[in-house]
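Q: what's the 3D shape of this:
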Amino acid sequence: MNAKVSAEIVSQPPVDWTHFAEGIAWGTIVLFVGVVIGYAGMIAAVFTGTISLPVGTLLSTLLLYLAFTVAHEAGHGNIAHEVRGMKPVERLMGWSVTVPFLIIPFGLFAKIHDYHHAFTNDPDRDPDHWVSGNNLRGANFRALTLALNYLYLANTRFKDDPVIAQTQKSSLLYYGVTLTISFGLIASGYGVELLMIGIIPAFLTSYILGMVFDWIPHMPTRQQGRYQNTRSYLFPGLKYLTLGQNYHHVHHLYPRVTWYNYERVFTIVRPELEAKNAPIEHLFSGRLFSDKLPGFGRSPYAQEPSSVDGVSKFTLHVEKVHQETADSVAITFQHMNGKNLPFKAGQYVTVTKLLNGSSVTRCYSICESPRAGKLTIGVKRVEKGLLSTYLNDELCVGDELTVAGPFGDFRFDPYTVKPAKLLTLIAGGSGITPIISIAQTALGTCSKACAGTKVHLVYANRSIGDVMFLRQVNRLLEKYPDRFSVTNIFEKAHADWEGETGYLTAEKLIDMFATDEDILNGQYFICGPEVMKNIVVGTLQKLGVENEQISVEEFGQTMPKPEGPIHKVNVVLANGSCHEFDVAENQTVLQAASQEGIKIPHACGVGQCGCCMMQVTGGVSELVLDETPGILPGELERGLTLACQCRPKSALSLKEDIHNG
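A: Residues are numbered from 1 along each chain as shown. Predicted coordinates for the structure are as follows:
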């Protein structure tokens, strides 16, 4: 019995770029035919002695370069697009043109390339980050060995990845074919020919592609934001040499657009790119070439914090790791082109690192004043904390981390804050991290709001050995003796300690604040363990302090609670496993599956790459975003959806779509 399919397609407003991502890409088919004819002619000419082997090497390299675009387009599903019947032909074309590459199967390439789009410039998860950095000499070597790096990643970092695992059987078949051909040629006495028109061109093409697709479009940007993580570089006729890849923004923002339409789409979206501070450059600098665009590699948007919404995502080098205590460190990051991340005192950034095969992200507060001109975070080791342990024990100067931010409403702005006679900062343990930034800012800024304001730090720790930023606190005491005071409270103290001991209790707070005449006019910033925060807030409220005067930092992040109707969702994965779980209407299928520990193959998680394509076999759903580059209108009409964008509107049945791309 056939299940009745009722896939609701949410109407999408017309988007200009979609007109260039529809129907069969006949231009790519013509390119494929040309490559096949070219290979046949070149091989015949070499074996008949019509051309020399060195000439054959050059021709083979050129043909491989052209063939890659066919494989690349097939990997993105850009030859067939929404034409279902064309999909087998598209895959056949992709597999055919990757045989001369000898070591990179089409299926593996298509999936691993999706990770480049999903995690562009991420030092851990972008497979093409292998070809990166400002050092041209190093980039040359890495581009030459890019294909070998793909194989290394497939057998190490991505070994247990469910997306890559889907390609293992087809990869084995591919290697069987290429090895049979190679050994057959060697056994027949054509080993030199194999070397000259097979192996050497494969490495030369790897080098060219590594430079054209990776180093040139992404150097020297350390940005991971979707508008700043690559560049477009212009020069008449350049599109013919790069096959459109000089308009790299188009390919990354709209990966379903056909390669020969990049320039047209770039013209359409250029105003948006410019408004979003996307790096657009001229191949050469100087008025002779362009008086409006910066020269290649000189756009500040590629090298500096330039997100228009104030939140950026970077790949940053570690400049310094300072041991604060036995179980805490302060990590300082290198500037970006001499510029620092703009932030407010008290805010935090997120740090992401791939550990034990999983991407781990945690929030860490900034522990410097914005006026200091550097980005430093404090990290205290958490018991069984994967990332905090790595940052304390293994991180070295020069290492790369993914850093995003700034975030947080727990902030102090000396130029907008309501003037207060007393600023009381209450910290417990590592809660000092944002607090020290606020103290430095309040004391070091000459603004009307802060002039004459006294700062009192109440700092609770287990022992003197657990005090983070002791040097900074003492420096403030020396510099501002009349404006800055500290009350230390140690749970365990030496016998000669004359200050407060034990826990920070309501009684201690009342003793400190009850007789203070500025208690009702003060501002309070609190950061520390949950129990401590509750005690402090409750005590201040009993003393008559208004909620508007109290700012509290929350350490933990909570998952959003399900809202609206909850529906049963049944998912059948390509490996045959079936899963049923509940999904609320404010959740995506991927979000709910992840919470249940169900591994749906995916990459970007934001509708960009199309890795989590699913066929709706029953039920009604909608997309989170009206404009989703990872899926085309024609594919939506066929009942396809993306797990990362799919929200159920009824009971829903999904099946992983393994025929996409």
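Q: tally of neighbours for Pro294?
A: Pro294 has 17 neighbours, counted by other Cβ atoms under 10 Å. C-betas here are computed from N, CA, C, even on glycine.
Q: which residue, neighbours along the chain excluded, lies closest to it?
A: Sequence neighbours aside, Glu281 is the residue nearest to Pro294 in space, at 5.3 Å (criterion: Cβ to Cβ, 6 or more residues apart in numbering).
Q: number of residues surrounding that neighbour?
A: Residues lying near Glu281 (other Cβ under 10 Å) number 22.
Q: Phe490 touches Tyr459, doesn't it?
A: No: in this structure, Phe490 is not within contact of Tyr459 by Cβ atoms under 8 Å, at 9.5 Å.
Q: contacting residues for Tyr262?
A: Residues in contact with Tyr262 (Cβ atoms under 8 Å, 6 or more residues apart in numbering) are Lys239, Gly244, Gln245, Tyr247, Val250, His251.
Q: pull whichever strand or helix holds it out as CSV, backbone CA atoms only.
A: Assessed by DSSP states H and E, Tyr262 sits inside helix 262-275. Provided in CSV are the C-alpha atoms of helix 262-275 (Å, rounded to 0.1, in the frame of the first residue of the first chain):
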residue,chain,number,x,y,z
TYR,A,262,28.7,33.1,-11.4
GLU,A,263,29.4,36.5,-13.0
ARG,A,264,25.7,37.1,-13.7
VAL,A,265,24.7,36.3,-10.2
PHE,A,266,27.6,38.4,-8.8
THR,A,267,26.2,41.4,-10.7
ILE,A,268,22.8,40.8,-9.1
VAL,A,269,24.0,40.3,-5.5
ARG,A,270,26.9,42.8,-5.5
PRO,A,271,25.0,45.5,-3.7
GLU,A,272,24.2,43.0,-0.9
LEU,A,273,27.8,41.9,-0.8
GLU,A,274,29.0,45.4,-0.5
ALA,A,275,26.5,46.2,2.2
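Q: name the helices or strands packed onto the next helix or strand after that helix?
A: Note on helix 262-275: by DSSP H and E, the next helix or strand toward the C-terminus is strand 280-282. Under the contact definition 3 or more Cβ pairs under 8 Å, 6 or more residues apart in numbering; DSSP states H and E, strand 280-282 sits against strand 232-234, helix 262-275.
Q: which of the helices and strands in this structure ranks last by mean pLDDT?
A: Within the chain, confidence by mean pLDDT, DSSP states H and E is lowest for helix 633-637 among all helices and strands, at a mean of 81.
Q: buried residues of it, list them for me.
A: Residues Pro633, Gly634, Glu635, Leu636 are the ones in helix 633-637 that count as buried (16 or more other Cβ atoms under 10 Å).
Q: quick check: closest non-adjacent residue to the second one.
A: Translated: Gly634. Glu82 is the one closest to Gly634 (Cβ to Cβ, 6+ apart), at 2.5 Å.
Q: how close does that neighbour get to Ile24?
A: Going from Glu82 to Ile24 by Cβ to Cβ, to the nearest Å gives 10 Å.
Q: settle it for me: which of the two has more neighbours?
A: Remark: of Glu82 and Ile24, Glu82 carries more neighbours, 21 against 17, as counted by other Cβ under 10 Å.
Q: pretty sure the more buried one contacts Leu632?
A: Yes: using Cβ under 8 Å, Glu82 makes contact with Leu632 at a distance of 5.3 Å.
Q: what touches both of these two?
A: Shared between the contact lists of Glu82 and Leu632 (criterion: Cβ under 8 Å, 6+ apart) are residues Glu22.
Q: now the closest residue to Trp259 other than its chain neighbours: phi and psi?
A: Excluding its sequence neighbours, the residue lying closest to Trp259 (Cβ to Cβ, 6+ apart) is Gly244, at 4.7 Å. When read as degrees, to the nearest 10, the backbone of Gly244 gives phi 90, psi -10.
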